[in-house]
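> Turn this into a structure:
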Amino acid sequence: MEAYLALKVIWWLLLGVLLMGLAVMVGMDMGVGTILRYVGRTDAERRVALNIIGPHWDGNQVWFILGGGAIFAAWPLVYATAFSGFYVVMLVLLWSMIVRPLGFEYRSKLASARWRNAWDWSLFVSGLVPMLVFGAAVGNILRGVPFQFSWNMTSTYTGSFIELFNPFAILCGLLSVAMSVYMGAAIVMNGAEGAMQARARQLAVWAGLAAVVLFTVGGIWVSAIHGYVLARSPDPALAQTPLQQTVERAAGAWLANFRSHPILWLVPVAGYLGALLGIWAVRAGSAVVAWWLGALAWVGIIGTVGAAMFPFMLPSSAEPSHSLTVWNASSSQHTLTWMLGFTLVFMPLILWYTSWAFWVMRGKVSIQHVETDEHAY
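Predicted coordinates:
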């Protein structure tokens, strides 16, 4: 039973790692799409921006697949409940992401300015919308999702599509977009030259400052909203369902873990340090350092949410005692064990291949390059 408890915690941590990887790698690509028409004032400059992430954007989608796959296999109740409640939002997310590869592949097939502008706007939408939805989803989870279970564990979502875009969720969505823009601007700053590099540098500074402000406002807001407290539940090492626990709501409850374990304050501190030092690195002209500090900021931001919510994964605002936690929403011990074995093999391979790809295809992308290379976007 102790092994099962350890596996639940390990997979909670691994899910956090996957979400951080998604935010950093996919968010960077989305950020380039969002800022494409700002950093690129001409067709050639926009092609430069697209070709900076051209060798990597499709490979980075593996983090999106891994995140969804991990939730599906390790936390099936979370997957089923969240994807049912957020069904319309998920469709919007998927539709926007379907347009993304089309924009990359078809944009330069015709020389028509109208054709290319249309695809530029599609890349803007497919960059902005997913990151806005990503942050808004986290905001809604912090507020609580209106669902409940029947006696046979069938979930019923009682909310509406409009309710998902409440003020707090929009704030979290804007924080996600700001960090995405920062990471996108940092990678463009690293790969471009001249005026494009200067624009990306300026945009990274403003996006970093916006992220600091939004993270601060969000933290103050979280301290005032009603969080969730696990008042009674079976032993965490036992297989269980949400119908066997008692959960209460209380103002400021999301800060309880920080009060009980002060060392956890280092997590939001990491978020602030990453963002503030990242701005300093951008101003100093060190794009690579700025990118890594942006990754640290993402780790701090997502880690702060995880530290505040533990052990909750999907709290219920309709019936708090039906909330999904690390203890009652996981797969069997057998499933988690096999998944961990595969993860220990394939995760290092993914990290190695990604690092190798970035190292091999490092360097600047010039207008001359995109105009003479027949394989360029």
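> Find me whatever residue is spatially closest to Leu277, sequence neighbours aside.
The shortest distance from Leu277 to any non-neighbouring residue, by CB to CB, 6 or more residues apart in numbering, is to Leu293 (5.0 Å). Bear in mind the C-beta positions are built from the backbone N, C-alpha and C, glycine included.
> list the contacts for the one you found?
Counting by CB atoms under 8 Å, 6 or more residues apart in numbering, Leu293 makes contact with 273-275, 277-278, 281.
> Just to be sure, it is in a strand?
No. Counting by DSSP: H, G, I helix; E, B strand; the rest coil, Leu293 is not part of a strand but helix.
> Put the alpha carbons of stretch 6-13 into PDB.
Coordinates of each C-alpha in stretch 6-13 appear next as PDB, following Å, rounded to 0.1, in the frame of the first residue of the first chain:
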ATOM      1  CA  ALA A   6       4.300   6.700  -3.500                       C
ATOM      2  CA  LEU A   7       3.200   6.100  -7.100                       C
ATOM      3  CA  LYS A   8       0.200   8.500  -6.700                       C
ATOM      4  CA  VAL A   9       2.500  11.300  -5.600                       C
ATOM      5  CA  ILE A  10       5.200  10.500  -8.300                       C
ATOM      6  CA  TRP A  11       2.500  10.700 -11.000                       C
ATOM      7  CA  TRP A  12       1.200  13.900  -9.600                       C
ATOM      8  CA  LEU A  13       4.700  15.300  -9.800                       C
END
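> In that stretch, which residues are buried?
With burial defined by 16 or more other CB atoms under 10 Å, the residues of stretch 6-13 counted as buried are 7-8, 11-12.
> Over to stretch 195-208?
In stretch 195-208, counting by 16+ other CB under 10 Å, buried: 196-197, 199-205, 207-208.
> follow-up on the earlier one: distance check, the residue nearest to Leu277 against Gly69.
29 Å (CB to CB, to the nearest Å).
> what do you get for Phe134?
Counting by CB to CB, the gap from Phe134 to Gly69 is 17 Å.
> which of those two has more neighbours?
More crowded of Phe134 and Gly69, by other CB atoms under 10 Å: Phe134, with 24 against 14.
> what sits against the more buried one?
22-23, 27, 173, 176.
> Dump these to a markdown table, plus neighbour count, pLDDT and distance to Lys109.
Conversion of the contacts of Phe134 to a markdown table gives the following (neighbours: other CB atoms under 10 Å; pLDDT from 0 to 100; distance: CB to CB, whole Å):
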| residue | neighbour count | pLDDT | distance to Lys109 |
| --- | --- | --- | --- |
| Leu22 | 23 | 91 | 29 |
| Ala23 | 27 | 93 | 31 |
| Gly27 | 30 | 91 | 27 |
| Gly173 | 24 | 95 | 33 |
| Ser176 | 28 | 96 | 32 |
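> Take these and keep only those in helices.
Secondary structure from DSSP state H places 27, 173, 176 of the contacts of Phe134 in helices.
> Tell me the one among these nearest to Arg107.
Of all the ones in helices among the contacts of Phe134, Gly27 has the smallest distance to Arg107: 21.1 Å, by CB to CB.
> so where do the strands sit in the chain?
147-149, 155-157, 226-232, 246-251, 312-314, 324-325 (DSSP state E).
> do you know which of those lies nearest Trp63?
Using CB to CB, these put strand 312-314 closest to Trp63, at 19.1 Å.
> Can you give the distance from the closest one to the centre of its chain?
16 Å (CA atoms, centre = their mean, to the nearest Å).
> quick one: contacts of it?
By CB under 8 Å, 6+ apart, strand 312-314 touches 12, 75, 78, 81-82, 141, 145, 147, 228, 230, 323-326, 329.
> same question, stretch 172-183
With CB under 8 Å, 6+ apart, stretch 172-183 has contacts from 23-24, 27-28, 30-31, 34-35, 127-128, 131-136, 138-139, 142, 203-204, 207-208, 210-211, 214-215, 218, 275, 278, 291, 294-295, 297-298, 301.
> cool, stretch 229-248 as well?
For stretch 229-248, the external contacting residues (CB under 8 Å, 6+ apart) are 1-2, 4-5, 8, 77, 149, 151, 153, 228, 249-250, 253, 256, 311-312, 315-316, 320-329, 332.
> Okay, now the unreliable bits of the chain?
Applying pLDDT under 70 to the chain flags the ranges 1.
> measure the residue nearest to Leu277 to Ala239 for me?
Note on Leu293: its distance to Ala239, by CB to CB, is 42 Å.
> swap in Gly208?
45 Å.
> cool, Trp298 as well?
Taken as CB to CB, the span from Trp298 to Ala239 is 33 Å.
> neighbour count winner among these two?
Trp298 (29 against 13).
> Wait, the more buried one touches Gly278, no?
No. Using CB atoms under 8 Å as the test, Trp298 is too far from Gly278 to be in contact (10.3 Å).
> got any residues that touch both of these two?
With CB under 8 Å, 6+ apart as the test, Trp298 and Gly278 reach no residue in common.
> Helices of the stretch 101-250 of the chain, residue ranges please.
113-143, 167-191, 194-224 (DSSP state H, counting those that start in this stretch).
> Next, Thr42: phi, psi?
phi -120, psi 170 (degrees, to the nearest 10).
> Could you pull up the residues touching Gly21?
Contact partners of Gly21, counting by CB under 8 Å, 6+ apart, are 63, 66-67.
> so how far is Ile65 from it?
Distance, Gly21 to Ile65, by CB to CB: 11 Å.
> Check His375 too.
25 Å.
> neighbour count winner among these two?
More neighbours surround Ile65 than the other of His375 and Ile65, with 11 against 7 (other CB under 10 Å).
> how about the helices of the stretch 251-377 of the chain, start to end?
Under DSSP H, counting those that start in this stretch, the stretch 251-377 of the chain gives helices at 256-260, 266-283, 287-309, 333-360, 367-372.
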